[in-house]
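J.: everything below, folded, please.
(chains A and B)
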There are 2 protein chains.
Amino acid sequence: MSFTNQLTAQSTPQNVRQAARQGVMSGPTSGLANGYVQVNLVILPESQASGFLRFCQANPKPCPLLGVSEPGARHCDALASDLDIAKDVPAYRIYRNGKMSETVPDVADIWRDDLVTFAIGCSFTFEHALIQAGLRVRHIDEARNVPMFKTSVPLTSAGGFGGNLVVSMRPFSAADAIRAIQITTRYPQVHGSPVHFGSPSLIGISDLQSPDYGDSVSIKEHEVPVFWACGVTPQQVLIDARVEFAITHSPGHMLVTDIPDSTLALF
Amino acid sequence: MSFTNQLTAQSTPQNVRQAARQGVMSGPTSGLANGYVQVNLVILPESQASGFLRFCQANPKPCPLLGVSEPGARHCDALASDLDIAKDVPAYRIYRNGKMSETVPDVADIWRDDLVTFAIGCSFTFEHALIQAGLRVRHIDEARNVPMFKTSVPLTSAGGFGGNLVVSMRPFSAADAIRAIQITTRYPQVHGSPVHFGSPSLIGISDLQSPDYGDSVSIKEHEVPVFWACGVTPQQVLIDARVEFAITHSPGHMLVTDIPDSTLALF
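T.: Next up, the predicted model:
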C-alpha cells in the first residue's frame, strides 16, 4: 500500500508520519496536512544537549523551542501522541565531526539512549497565516523554496554554540509588509516578527538573487525585502561548533506534528 | 491665580482643562498631563453631523472616534466628567463658508443648541507608548511639531465628506520601525499601525523636507520614513467640503481627557 500518492493538504498529521515511518514517503512536507505545525528537528547527545538548550533559550527568534524530549526517548508528547522520532521524518541528515555526512530515510538503526530531540518552530505556520490573511507569499506562488541568507548579525553565544543568524526573505509592498509584521508578531514560536526589512547590506547580505540556501525569487518594483530569523540557523550552528554527532531533518522534510497552527497564535 | 506656569507633565487633566477654562492657559498641550489621552475636536451643526459621523466610521485610521456628544451638549461623559467643550480647549479655530476665519480662546459666546462634538484620537498617545518602549521620536527629540503631509491616498467618501489622507511622518531604523508597527498596532483608536513606509513618492509626497503642516525633522542614514494616518485629515476635509460653520481645536492645542492612555491598548 502506497501512501505517497495519497498525501495531500487534507491528509492528517498521522497519515504523513505513518507514510514516512513505513518508508513510502520520502519527499518534502510543504503543502501536506495543512493547518498543523511542522517543526525543524535537532537531535544531539545528552552531553551537548544542555548547552544547546541554553543556546536556544538565548536565541528564541531563530530557535523557538516547541518541544524537547527526554534522553533516548523516541516520543515527545508535546508534539504528537503516536510519534516515532527516529522514523517519522521523511529524510534525516546525519552530521559527523562537524560535517554533514549522509541523508537517510530513518535513524532507527543508529539511535542511541543518550539522544535528546529539539523541535524548533518553522515558518510554514506563519506562511499559512499570511495566506489566510490574503497576502501572497512569493516563493509559494513561484513554487520555489524560500530564499535564505547567512547574515552578519551575531547570535548570542551560549552553551558552546554561537555564530551568525540565518534569515529567510519574502518580498512585499510596504502595506503588505506592515500587515505581515502584525501577523507574524502573533506567532513568536515560529520565528515571530521580522528582524529586518529594506537594505540587505545592513545585515551583511550582498546579493538578494544569490541565496545561501533555498532558491531565489523575483522582487517586483516598489517591493521591500522582509527578513525573518530562520530555522536553518541551528544547522549552521551545529556545523560551526564541529559537533561530533548530530541528526537533523533534511531541509524541507519536516516533522509534521499534531499541534494545530491556530494554537500558536498569541492573540 | 495663574495656572500656566504650574502646568507640567505631572498636572492632572482637570488642572489643564480648568486653566484653559479660566483663560489662563492658551498654549499647546504637548507634554502636559502625561499618561492621559488628548483628542482632536471637530464640532459641526447637527445638519452635517450625521454625514460626518458616517465619514469617520468609513475612515477609522485618520478619524478614530473616541466620543460623540449629544446635539448642543457641552459635556461628553466618554471624555471627562467635568467637561466644558466650549471652554476647555486652550485655542479653537472657527471655520465659516469653507475657510478658517479666526482662532479664539473659547467658543461659549458662539455656542449653538445644534452643535455636535466629535472627539478624534491623537498620536500623542502612541508616541508615549513608543517612548516607554525605548524608541526615540525624532520630532520630540528635536523639539518640533511632527511633520505632516497631504497625500494622493483617497479617503472613502461618505456623508458628503471626502478628499485625500493627511499623514504624519516619523523616521526610524528598520528594527525600530518593526517595533513601532507592533506598538502602534495596539492603539487603533489613536490611528493604529502605519499606512506606509519607505518611498514617499508612492503616496504622492514629493519632498520629506517640505511638510504641508508641522515642521521638518532630520532623517539619518539608513533610516526609513514611516507614515501614520493623521488627525489633521478631518480639518482638511472640512475645508474641502466648504462647510458653512465648524469649530475645531487649534493644531497642537488639544482637549485633555480623563482617559488613561493605557486603557486604549488592545492587548
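J.: of all the residues in the stretch 51-200 of chain A, which ones are close to chain B?
T.: Residues of the stretch 51-200 of chain A lying close to chain B by Cβ under 8 Å from any Cβ of the partner chain are A:174-175, A:177-178, A:181-182, A:185, A:193-199. For glycine as for every other residue, the C-beta is placed from the backbone atoms N, C-alpha and C.
J.: try it again with 7 Å
T.: Contact residues, the stretch 51-200 of chain A versus chain B (Cβ under 7 Å from any Cβ of the partner chain): A:174-175, A:178, A:181-182, A:185, A:193-194, A:196-199.
J.: out of those residues, which sit inside helices?
T.: When DSSP state H is applied, these are split such that A:174-175, A:178, A:181-182, A:185 fall in helices.
J.: can you redo the residues you listed as CSV, where the extra columns are neighbour count and distance to A:A91?
T.: Compiled in CSV, these are given as follows (neighbours: other Cβ atoms under 10 Å in any protein chain shown; distance: Cβ to Cβ, whole Å):
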residue, neighbour count, distance to A:A91
A:A174, 24, 38
A:A175, 16, 38
A:I178, 23, 37
A:I181, 24, 33
A:Q182, 16, 35
A:T185, 19, 32
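J.: got TSV for these, with distance to B:Y95 too?
T.: What follows is these, written out as TSV (distance: Cβ to Cβ, whole Å):
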residue	distance to B:Y95
A:A174	34
A:A175	32
A:I178	33
A:I181	38
A:Q182	36
A:T185	41
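J.: pick the one among the residues you listed closest to A:G67.
T.: A:T185 (22.4 Å; Cβ to Cβ).
J.: in the strand or helix carrying A:D258, what counts as buried?
T.: Secondary structure assigned from DSSP states H and E places A:D258 in strand A:255-260. If you call a residue buried by 16 or more other Cβ atoms under 10 Å in any protein chain shown, then strand A:255-260 has these buried ones: A:255-259.
J.: who are the packing partners of whichever strand or helix holds A:F55?
T.: Assigned by DSSP H and E, A:F55 belongs to helix A:46-58. Contact analysis of helix A:46-58 by 3 or more Cβ pairs under 7 Å, 6 or more residues apart in numbering or on different chains; DSSP states H and E lists strand A:115-121 as its packing neighbours.
J.: now the angle from the next helix or strand after the strand it packs on to helix A:174-185?
T.: Using DSSP H and E, the next helix or strand after strand A:115-121 towards the C-terminus is helix A:124-132. Using axes from the mean of the first three to the mean of the last three Cα atoms, to 10 degrees, the inter-axis angle of helix A:124-132 relative to helix A:174-185 is 140 degrees.
J.: I'd like the average pLDDT over the following helix or strand past helix A:124-132.
T.: Downstream of helix A:124-132, the next assigned helix or strand under DSSP H and E is helix A:138-141. Here helix A:138-141 scores 96 as its mean pLDDT.
J.: before we move on, the earlier item: pLDDT and distance to chain B added to the buried residues of strand A:255-260, as TSV?
T.: As requested, the buried residues of strand A:255-260 are exported to TSV (pLDDT from 0 to 100; distance: Cβ to the nearest Cβ, whole Å):
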residue	pLDDT	distance to chain B
A:L255	98	29
A:V256	98	30
A:T257	98	26
A:D258	98	27
A:I259	97	22
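J.: and which of these is nearest A:A158?
T.: A:L255 (24.4 Å).
J.: report the contact partners of that closest one.
T.: A:38-39, A:41, A:88-89, A:119, A:249 (Cβ atoms under 7 Å, 6 or more residues apart in numbering or on different chains).
J.: JSON lines for the residues of the stretch 51-200 of chain A next to chain B, including pLDDT?
T.: Output for those, formatted as JSON lines (pLDDT from 0 to 100):
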{"residue": "A:A174", "pLDDT": "98"}
{"residue": "A:A175", "pLDDT": "98"}
{"residue": "A:I178", "pLDDT": "98"}
{"residue": "A:I181", "pLDDT": "98"}
{"residue": "A:Q182", "pLDDT": "97"}
{"residue": "A:T185", "pLDDT": "97"}
{"residue": "A:S193", "pLDDT": "98"}
{"residue": "A:P194", "pLDDT": "98"}
{"residue": "A:H196", "pLDDT": "98"}
{"residue": "A:F197", "pLDDT": "98"}
{"residue": "A:G198", "pLDDT": "98"}
{"residue": "A:S199", "pLDDT": "97"}
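J.: look up the pLDDT of A:M1 for me, please.
T.: So, for A:M1, pLDDT stands at 39.
J.: sheet partners, orientation included, of the strand holding A:D258?
T.: strand A:36-45 (antiparallel) (DSSP bridges).
J.: what angle sits between the strand it pairs with and helix A:46-58?
T.: Computed by the same axes, to 10 degrees, the angle between strand A:36-45 and helix A:46-58 is 140 degrees.
J.: mean confidence for strand A:36-45?
T.: Strand A:36-45 comes out at a mean pLDDT of 97.
J.: with distance to A:R21 as extra columns, can I get the buried residues of strand A:255-260 in CSV?
T.: Formatted as CSV, the buried residues of strand A:255-260 follow (distance: Cβ to Cβ, whole Å):
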residue, distance to A:R21
A:L255, 11
A:V256, 11
A:T257, 14
A:D258, 15
A:I259, 19
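J.: sorry, back to before: among the residues of the stretch 51-200 of chain A next to chain B, which one sits closest to B:V243?
T.: For these, the nearest to B:V243 is A:A175 (31.0 Å; Cβ to Cβ).
J.: one step back: let me know the angle separating the strand holding A:D258 from strand A:115-121.
T.: Using the same axes, to 10 degrees: strand A:255-260 against strand A:115-121 is 60 degrees.
J.: and strand A:255-260, how far out from the chain middle?
T.: When C-alpha coordinates are averaged (Cα atoms, centre = their mean, to the nearest Å), strand A:255-260 and its chain have centres 13 Å apart.
J.: next one: stretch A:205-219
T.: That offset, for stretch A:205-219, works out to 18 Å (Cα atoms, centre = their mean).
J.: pLDDT at A:F267, what is it?
T.: 89.
J.: three-state assignment of it?
T.: What DSSP: H, G, I helix; E, B strand; the rest coil gives for A:F267 is coil.
J.: which residue packs closest to it, ignoring adjacent ones?
T.: Residue nearest to A:F267 in three dimensions, not counting chain neighbours: B:F267, with 5.1 Å by Cβ to Cβ, 6 or more residues apart in numbering or on different chains.
J.: how is chain A divided into domains?
T.: A:9-123+A:242-261, A:125-234 (automatic domain parsing).
J.: who wins for proximity to B:A73 among these?
T.: It's domain A:125-234; of the domains of chain A, that one is closest to B:A73 (Cβ to Cβ) at 37.1 Å.
J.: just to revisit the earlier point, relative to B:L208, which of the domains of chain A is closest?
T.: Across these, closest to B:L208 is domain A:125-234 (Cβ to Cβ), at 15.0 Å.
J.: quick one: that closest one to chain centroid distance?
T.: 12 Å.
J.: how about stretch A:9-22?
T.: That offset, for stretch A:9-22, works out to 18 Å (Cα atoms, centre = their mean).
J.: kindly report the same for stretch A:22-40.
T.: Using Cα atoms, centre = their mean, the offset of stretch A:22-40 from its chain centre is 12 Å.
J.: do me a favour and get the end-to-end distance for it?
T.: 20 Å (Cα to Cα, to the nearest Å).
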